[in-house]
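Engineer: Sequence and predicted model, in that order:
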Amino acid sequence: MLRSSEKKLVYYSTLFIVLIINSPKLMSVRESGMLAPFMEFNLWEYLFQLLYNALFCLAGYSLNLRPYFYPRSARRELVRTLVANLLFLGGALVLGIFLQELLFEISLPQQIFRVSYFARLGLSLVMVYISVRIIRSQRLARSQEAERNRLMNLYTTSQLQLLKSQLNPHFFFNALSVLSSIVQENPDRARIYINHLSKVFRYVLQSSPELVSLQKELNALQSYIQLIHMRFEKAVEIRVDVPESYLRKLIPHISLQPLLENAVKHNTVSMDKPLHIRVYTEGEKLVVENNLQLMAHAEEGTRTGLSNLAERFKVLMSQSLSIDKTDEYFRVYLPLKPVP
């Protein structure tokens, strides 16, 4: 079935072919015209010729655009196409000449008339076939583009699944390690911790779109903030200052939690040296900032959370997050995507 753009090409090219192929006959309209001494101009005959030529072109398109002409062998395709078009041209010639001689008085000698008929239809068929090749080239290009997009989507999906498979065990291991220590110190507090932890797990494990609203991400972050407060109490201060106008913007699922996790993991946290974490906006970006007070003998980490997040931003947002590290602060700038 022809696409809308292909139908337009067929109709416009048919009109062009018909007008160009039959324009010489107009030279016999006036008595002073070049062909006036050799033929008489008959308006009804000319209109018949235009109509028949147009139907011939449309039939030629229909014949050559059928799926029948897509065998696996290029040589076989060429032979079958050539034979079919020659048979089609021969049949159209016989029918056209018969009808025109039956309906109108032909002023040209019979042999010249038939040769001119063959020339018109033959040239029309050649121009039709050129247009068909253009349409088929466009179809092939669209097919290749669709296949590239399909493979790219498969690659993107598999890449995201791989990134998630790295992220989830990383977070689960850390969370369970903290829970183990809290259970030993305060079982009642551990039950509250487990309640918040279950909310965090539910958000991490749920089948969410890869991009979620900033509102949803911040709502889910509240339970994780409670986990941090239960573990460090006032030694960690977390402030979220995000204007309401930003809440509908999109961000990759589970973007903020790894940044808070990295901040408490790699910095000294104590009542004497509290860790200050702030989430705010700057321009079209979300900023996660913490004061820098790195541990003297920090545990060598794999940086899974931050590198994972950076990869997901490249895949989902086609943008990169940026990092600004000074002697006093560590900032991560996260691009936000407007709602389409």
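Structural biologist: Happy to help now that I have it.
Engineer: in which helix or strand would I find residue 279?
Structural biologist: Secondary structure from DSSP states H and E places residue 279 in strand 275-282.
Engineer: Contacts made by the helix or strand following that strand with the rest, please.
Structural biologist: Proceeding N to C from strand 275-282, the next assigned helix or strand is strand 285-291, under DSSP H and E. Contacting residues not belonging to strand 285-291 are listed as 214, 242, 246, 251, 256, 259-260, 263, 267, 275-281, 328-336 [CB atoms under 8 Å, 6 or more residues apart in numbering]. (Glycine included, C-beta is placed from N, CA and C.)
Engineer: So which of the residues you listed belong to helices?
Structural biologist: 214, 259, 260, 263 (DSSP state H).
Engineer: and those as CSV, adding distance to residue 192 and pLDDT?
Structural biologist: Putting the ones in helices among the contacts of strand 285-291 into CSV (distance: CB to CB, whole Å; pLDDT from 0 to 100) gives the following:
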residue, distance to residue 192, pLDDT
214, 27, 95
259, 24, 90
260, 19, 90
263, 22, 90
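Engineer: Tell me the buried residues in stretch 110-117?
Structural biologist: For stretch 110-117, the neighbour count (16 or more other CB atoms under 10 Å) marks 113, 114, 117 as buried.
Engineer: State the phi and psi torsions of the last one.
Structural biologist: To tie it back to what came earlier, the one meant is residue 117. phi -70, psi -40 (degrees, to the nearest 10).
Engineer: so what's it closest to, chain neighbours aside?
Structural biologist: residue 97 (5.5 Å; CB to CB, 6 or more residues apart in numbering).
Engineer: For the one you found, pull up the helix or strand it's in.
Structural biologist: Following DSSP H and E, one finds residue 97 within helix 74-103.
Engineer: what's the spacing between that helix and its chain's center?
Structural biologist: Centroid separation between helix 74-103 and its chain, computed with CA atoms, centre = their mean, to the nearest Å, is 43 Å.
Engineer: can I assume residue 44 is in contact with residue 105?
Structural biologist: No: taking contacts as CB atoms under 8 Å, residue 44 lies outside contact range of residue 105: 11.2 Å.
Engineer: Can you report how many residues lie near residue 149?
Structural biologist: 10 (other CB atoms under 10 Å).
Engineer: just checking, next helix/strand downstream of the strand or helix carrying it?
Structural biologist: Applying DSSP H and E as the criterion places residue 149 in helix 110-185. Per DSSP H and E, the first helix or strand lying C-terminal to helix 110-185 is helix 187-205.
Engineer: so where's the stretch 1-150 of the chain shaky on pLDDT?
Structural biologist: For the stretch 1-150 of the chain, the stretches with pLDDT under 70 are 1, 26-41, 67-74.
Engineer: Try it again at 80.
Structural biologist: Across the stretch 1-150 of the chain, the ranges flagged by pLDDT under 80 are 1-3, 24-42, 66-78, 106-108, 148-150.
Engineer: same question, the stretch 151-300 of the chain
Structural biologist: Using pLDDT under 80, the stretch 151-300 of the chain drops low at 151-189, 201, 204-210, 231, 296-300.
Engineer: What strands flank the strand holding residue 279, and is each parallel or antiparallel?
Structural biologist: strand 236-241 (parallel), strand 285-291 (antiparallel) (DSSP bridges).
Engineer: Quickly compare the ones you listed and say which is most buried.
Structural biologist: Ranked by mean neighbour count, the strands paired with strand 275-282 are led by strand 285-291 with a mean of 20 (mean count of other CB atoms under 10 Å).
Engineer: What's the ChimeraX syntax to select whichever of the ones in helices among the contacts of strand 285-291 are buried?
Structural biologist: Entered in ChimeraX, the line below selects the buried ones among the ones in helices among the contacts of strand 285-291, by 16+ other CB under 10 Å:
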select :214,259,260,263
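Engineer: Do I have it right that the residue nearest to residue 117 meets residue 114?
Structural biologist: Yes: Residue 97 is within contact range of residue 114, at 5.8 Å (criterion: CB under 8 Å).
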